[in-house]
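Chemist: This is a predicted model, with the sequence first.
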Amino acid sequence: MSQMAQSAPEVERFLELPYHIVLVHDEKGGDDASWTARVEELPGCEARRPTSEEAARAIPNAMEDWLAAALERGAEIPEPRRPSTHSGRLLLRLPQDLHAELARRAETEEVSLNGLITSLLAGTVGWRQNGAAAGVGLQRSRLEDPPARSRFLSVAILANLVVVILAAIAAIVLLIVALQNGW
């Protein structure tokens, strides 16, 4: 049995591991622009193609070739790096004025300070996630659109309008009574 035939199951085992693949747009200008799919843990393992889709489709074959060559020469193959252990908690020190301004904006937008800062940071790095992120709802649309009125505010405005109308009616009635009594 050849060396390649013996390493095929080993290659398959490595191909099933969760390696980290990144797609990078290489802009060199003109017709040289291309996309590269690269396996972060496997140095030199990459596939370059004209489109991101083609590069993504080509990387499994590049991985297979890279792994087979590494096994053939007896090289040690790196394992995938461990998943991130970030908790989602961050202690951040910032100037008091900035803290106050962010708190005012959060109140105006009717979101928590944590939700506002998370949304602003997510927008800055282009990170979007549907639903909630670690229990914090990203309310990006609320930041872009004027904040919706709360139910309490709507009821308060309506009550205020009713009081003004009643006061106007009372003023008109008093004016009519005063005119009839000769004042």
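Modeler: Okay, I see it.
Chemist: Could you pull out the strands in the chain for me?
Modeler: Assigned by DSSP state E, the strands in the chain fall at 21-26, 34-39, 46-49, 132-133, 136-137.
Chemist: Kindly state the pLDDT recorded for residue 133?
Modeler: At residue 133, the pLDDT value in this model is 39.
Chemist: if we can go back for a sec, among the strands of the chain, show me which one is buried the most.
Modeler: strand 34-39 (a mean of 20; mean count of other CB atoms under 10 Å). From N, CA and C alone the C-beta is placed, and that goes for glycine too.
Chemist: who touches it?
Modeler: 19-26, 45-52, 54-56, 58-59, 62-63, 66 (CB atoms under 8 Å, 6 or more residues apart in numbering).
Chemist: Could you measure from the residue lying closest to residue 56 once chain neighbours are set aside over to residue 177?
Modeler: Closest residue to residue 56 apart from its sequence neighbours, by CB to CB, 6 or more residues apart in numbering: residue 37 at 5.5 Å. According to CB to CB, to the nearest Å, residue 37 and residue 177 sit 87 Å apart.
Chemist: And for residue 169?
Modeler: Residue 169 is 13 Å from residue 177, by CB to CB.
Chemist: Spatially, what comes nearest to residue 68 if we skip its sequence neighbours?
Modeler: residue 11 (5.3 Å).
Chemist: Number of residues surrounding that neighbour?
Modeler: 20 (other CB atoms under 10 Å).
Chemist: okay, it: pLDDT?
Modeler: Predicted confidence (pLDDT) for residue 11: 89.
Chemist: Report pLDDT for residue 22.
Modeler: 88.
Chemist: any idea how far the nearest residue to it once chain neighbours are set aside is from residue 77?
Modeler: The shortest distance from residue 22 to any non-neighbouring residue, by CB to CB, 6+ apart, is to residue 38 (5.4 Å). In this view, residue 38 and residue 77 are 16 Å apart by CB to CB.
Chemist: next one: residue 16
Modeler: 13 Å.
Chemist: Comparing these two, which residue is more hemmed in?
Modeler: Set residue 16 next to residue 77 and count neighbours by other CB under 10 Å: residue 77 wins out with 15 against 7.
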